[in-house]
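Asks: quick one: sequence and predicted model below, then my questions.
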Amino acid sequence: MINIAINGCNGKMGLVLTNMIKESEGIKVISGIDRNPGKSNREYPIYKEIWDIKEKIDAIIDFSHYSNLNNLLDYGTKNNIPLVIATSGFIQKDEKLIEEASKKIPILYSKNMSLGINILVELAKNISNILGENFDIEIIEKHHNTKVDAPSGTACMIADGINKSFNNTKNYVFGRKGHKQLRTKNEIGIHSIRGGTMSGEHTVLFSGLDEIIEIKHTAITKNIFALGAIKGAKFVINKKNGLYSMLDIFNFIESN
Ligand SMILES: NC(=O)C1=CN([C@@H]2O[C@H](COP(=O)(O)OP(=O)(O)OC[C@H]3O[C@@H](n4cnc5c(N)ncnc54)[C@H](OP(=O)(O)O)[C@@H]3O)[C@@H](O)[C@H]2O)C=CC1
Ligand SMILES: O=C(O)C1=N[C@H](C(=O)O)C[C@H](O)C1
């Protein structure tokens, strides 16, 4: 049995993950952490501080807030606990900290836990390699009206993937308010839409002369992210120190 703590257990993903783990074999939530522990009733204890966890846990799944990162990494590295980090909104400096911590413990970090998005990133890289500079690339992401960070981590992950195909020469342009010049060839536009209960939609547009290629992924429910996180926890607990992505997991699942 794999014993899990959920960081951000009172949030939307915390609830979906709790319910999905209940129906999964070989894995159980035994602790939760959230800044307002009394807000929800769960079948496991909820702590305000990660340092208060009393149970013996095998891994932590983090769907919380980017401001929690230091505590999470400190706790993980000091207690030798593998981490699945799904939270978004980190800046480059934070990602450097994740990389550093992964020298001491195994960390699975992915801005999107779904299989589909990870495939979309690979497709977008391939399309970019084929099209070269001839098409303008824009990414549009749509999420629910309670999402606190913009652009989505996934939109950045897609942009970073595409940028690799251009030897990291592209600039990112977030919206175009106030722009008084033409779009340049070396930009990737990133645009955020917020509304209702959309679980997450990402579209990449490759716009050329008189033709458009569009690839889109839609998360129909949040279950897909929870499922990926569960696979992530099962994967990461048996790994050596290092930084892993969902692509490592899908290879792992195929070969097992
Ligand atoms: N990688 C992936 O596939 C996915 C990643 N995510 C990411 O996971 C994170 C959580 O998503 P979601 O569950 O929808 O968000 P919620 O806001 O619903 O949940 C976050 C939880 O963390 C708590 N929290 C703890 N510390 C803080 C803090 N310092 N500031 C704000 N909140 C804090 C919140 O408390 P309170 O309610 O009091 O604010 C809340 O209970 C987000 O970053 C989101 O982008 C989401 C889905 C998929
Ligand atoms: O906040 C969300 O809901 C999501 N956040 C992640 C992101 O920022 O990309 C992943 C997913 O799109 C849902």
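Replies: Perfect, I can see it now. Ligands and ions are numbered 1, 2, ... in the order given.
Asks: and Gly14, backbone torsions?
Replies: Main-chain torsions, Gly14, degrees, to the nearest 10: phi -60, psi -40.
Asks: repeat that for Cys9.
Replies: For Cys9, the backbone dihedrals are phi -70, psi -20 (criterion: degrees, to the nearest 10).
Asks: Ile30 too?
Replies: phi -120, psi -10.
Asks: which residue does the protein bring closest to ligand 1?
Replies: Gly11 (1.9 Å; C-beta to the nearest ligand atom). For glycine as for every other residue, the C-beta is placed from the backbone atoms N, C-alpha and C.
Asks: ok, the nearest residue to that residue once chain neighbours are set aside - contacts?
Replies: Leaving aside its sequence neighbours, Gly11 sits nearest to Phe63 (C-beta to C-beta, 6 or more residues apart in numbering; 6.1 Å). With contact taken as C-beta atoms under 8 Å, 6 or more residues apart in numbering, Phe63 is in contact with 6-8, 11, 13-14, 17, 86-87, 225, 229.
Asks: do the same with Lys147
Replies: Going by C-beta under 8 Å, 6+ apart, the list of residues near Lys147 reads Arg194.
Asks: what segments of the stretch 51-200 of the chain are strands?
Replies: Applying DSSP state E, counting those that start in this stretch to the stretch 51-200 of the chain gives strands spanning 59-62, 83-85, 106-109, 136-143, 171-174, 187-194.
Asks: and among these, the most buried is which?
Replies: Of these, the one with the most neighbours on average (mean count of other C-beta atoms under 10 Å) is strand 83-85, at a mean of 28.
Asks: kindly report the residues of the chain close to ligand 1.
Replies: 8, 10-14, 34-36, 63-65, 67-68, 86-89, 110-113, 149, 225 (C-beta under 6 Å from any ligand atom).
Asks: how about the helices in the stretch 1-150 of the chain?
Replies: 12-22, 69-79, 92-101, 115-131 (DSSP state H, counting those that start in this stretch).
Asks: buried deepest among the ones you listed, which one?
Replies: When those are scored by mean count of other C-beta under 10 Å, the highest mean neighbour count falls to helix 12-22 (a mean of 19).
Asks: what does that one contact?
Replies: 4, 6, 8-9, 27-29, 32, 34, 40, 42, 61, 63, 86, 146, 222-223, 225-227, 229-230.
Asks: how about 7 Å then?
Replies: In this structure, residues lying in contact with helix 12-22 by C-beta atoms under 7 Å, 6 or more residues apart in numbering are 4, 6, 8-9, 27-29, 32, 42, 61, 63, 222-223, 225-227, 229-230.
Asks: which one among the contacts of Phe63 gets closest to Glu138?
Replies: Phe225 (24.3 Å; C-beta to C-beta).
Asks: about what we covered before: measure the residue of the chain closest to ligand 1 to Ala86 for me?
Replies: 11 Å (C-beta to C-beta, to the nearest Å).
Asks: quick one: which of those two has more around it?
Replies: More neighbours surround Ala86 than the other of Gly11 and Ala86, with 25 against 20 (other C-beta atoms under 10 Å).
Asks: ok, back up a step: and the pLDDT for the residue of the chain closest to ligand 1?
Replies: For Gly11, the pLDDT comes out at 96.
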